[in-house]
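> Quick one, fold the following:
(one chain, ligands or ions: 2)
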Amino acid sequence: MTSKHEIVTHSAEETIARGREIAAALNPPALILLSGDLGAGKTTLAKGIAGGLGAADEDDVTSPTFTLVHKYDRGARVYHVDLYRIGDLHDLETLGLEDIFAERAVVIVEWPDRLSLRTDWPVVLIHLEHVDEDTRRLSVDDPAGILAPKITAP
Ligand code: ADP
Ligand code: MG
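Ligands and ions are numbered 1, 2, ... in the order given. Coordinates of the predicted model:
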């Protein structure tokens, strides 16, 4: 079975719902890398993942664009990281990412190409593309097979 599959959503609500499904298939620790342009829906998907894990209410999951890291730990523990502005920082260590990887958490990273993250955690890569105003394509690569079979089933 291939570790890659595509999901097309037609609203932000649908992307959140897909995030909840991904959360239901996740077993922490796990690293979720979300790539794609601004407005592609990365933060929207993160709402569903953090909400689905029970770590936060979806409405409380907002973009960590300026603080870079948000922590949600109502029950399950989720770190939501946005590296879009990482270039502004002189010291990457201020993020405390190394400490995060000592925990049994789910770490969601937007703009993951801005920082090399070394961890032996299983990784799920999701690339989001803007198709039209309300349509997004999510390309999910789950090389460790941690989402199978729930998410990869046809
Ligand atoms: P990113 O974090 O990738 O910059 P956001 O999730 O912050 O993107 O923003 C996505 C925007 O696109 C939101 O305003 C959302 O309401 C809108 N949107 C429209 N359709 C969708 C969809 N199918 N999936 C996700 N977001 C959508
Ligand atoms: Mg975002």
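> Would you enumerate the residues in contact with F101?
P29, V107, T119, W121 (C-beta atoms under 8 Å, 6 or more residues apart in numbering). Bear in mind the C-beta positions are built from the backbone N, C-alpha and C, glycine included.
> Who does the second one form a beta bridge with?
It refers to V107. Residues in a beta bridge with V107, per DSSP bridges, are L31, Y79.
> And the nearest residue in space to V131 that is not next to it in sequence, which helix or strand is it part of?
For V131, ignoring the flanking residues on the chain, the nearest one in space by C-beta to C-beta, 6 or more residues apart in numbering is R137 at 5.5 Å. Assigned by DSSP states H and E, R137 falls within strand 135-141.
> so what strands line up beside that strand?
Strand 135-141 has its sheet partners listed here by DSSP bridges as strand 4-9 (antiparallel), strand 123-132 (antiparallel).
> Which residues outside that strand are in contact with it?
With C-beta under 8 Å, 6+ apart as the criterion, strand 135-141 contacts 3-10, 15, 18, 22, 40-41, 45, 124-131, 147, 151.
> which of those count as buried?
The neighbour-count test (16 or more other C-beta atoms under 10 Å) marks 3, 5, 7, 9, 15, 18, 22, 40-41, 45, 124-129, 147, 151 as buried among the contacts of strand 135-141.
> just those residues that are near ligand 1?
T9, T15, A40, G41 (C-beta under 6 Å from any ligand atom).
> Output those residues in JSON lines, with distance to ligand 2, pLDDT and secondary structure appended to each entry.
Output for those, formatted as JSON lines (distance: C-beta to the ion, whole Å; pLDDT from 0 to 100; DSSP: H, G, I helix; E, B strand; the rest coil):
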{"residue": "T9", "distance to ligand 2": "16", "pLDDT": "98", "secondary structure": "strand"}
{"residue": "T15", "distance to ligand 2": "12", "pLDDT": "98", "secondary structure": "helix"}
{"residue": "A40", "distance to ligand 2": "8", "pLDDT": "98", "secondary structure": "coil"}
{"residue": "G41", "distance to ligand 2": "8", "pLDDT": "98", "secondary structure": "coil"}
